[in-house]
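J.: pasting the sequence and the predicted coordinates here, then a few questions.
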Amino acid sequence: MLAADPGASIASIATEAGVDRRTVYRRFASREDLLAAIYQSRLEAIEHAITDARLREAPVAVALHRYVENIIAVNRTWPVDLTRMLSDDSVHERRDAAVREVDAFLERATDEGLLRANLPNGWASALLPQLMHLVSRQQPELTPGQAADVVVDTLLHGLGAS
């Protein structure tokens, strides 16, 4: 609900969840507490996705596909406004650590020849999240594995016919 309407009220969230508004307030003292819990859950899912992909030790092609598949699943499970999420300093620090981990992996992928070395600095780091976000939202009929196939193929081979 919050992905579709970031201003959704606790009452409407409770109704959608099939519970009374008081039930939500027993667990979360405020709307901000509810949002913080959602952001925390998304961040934990991202961190787990990175760990599960084994970005430092798995073969780069395997790690790339696994990471993309995992993040697509996270994006679909926790489709929240990242801008609001990043206004919390502790969340921002953890997200920055996750970004550094992925950036280091993308450097490894370049060093090992999976990605071209002649691209502008940071290009893969900027493009990959956009591709994952796009397929998460635009191709809901694809499983996370199928969506990852599309993203990885697009990242590695582009859109050209050759």
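T.: Cool, the structure landed.
J.: C-alpha only now, for contacts and for neighbours.
T.: Fine.
J.: any stretches of the protein with poor pLDDT?
T.: 3, 81-86, 88, 162 (pLDDT under 70).
J.: and for it, the residue most distant from the center?
T.: R22 (31.1 Å; Cα atoms, centre = their mean).
J.: distance of it relative to A14?
T.: 9 Å (Cα to Cα, to the nearest Å).
J.: equivalent analysis for A53, please.
T.: 35 Å.
J.: next one: G145
T.: From G145 to A14 the distance is 32 Å (Cα to Cα).
J.: re the thing from before, name the helix or strand for the residue farthest from the centre of the chain, please.
T.: Using DSSP states H and E, R22 sits within helix 21-27.
J.: can you name the next helix or strand after that helix?
T.: As assigned by DSSP H and E, the chain's next helix or strand after helix 21-27 is helix 31-53.
J.: which one's more surrounded, A53 and A14?
T.: A count of neighbours by other Cα atoms under 10 Å puts A53 above the other of A53 and A14, at 21 against 16.
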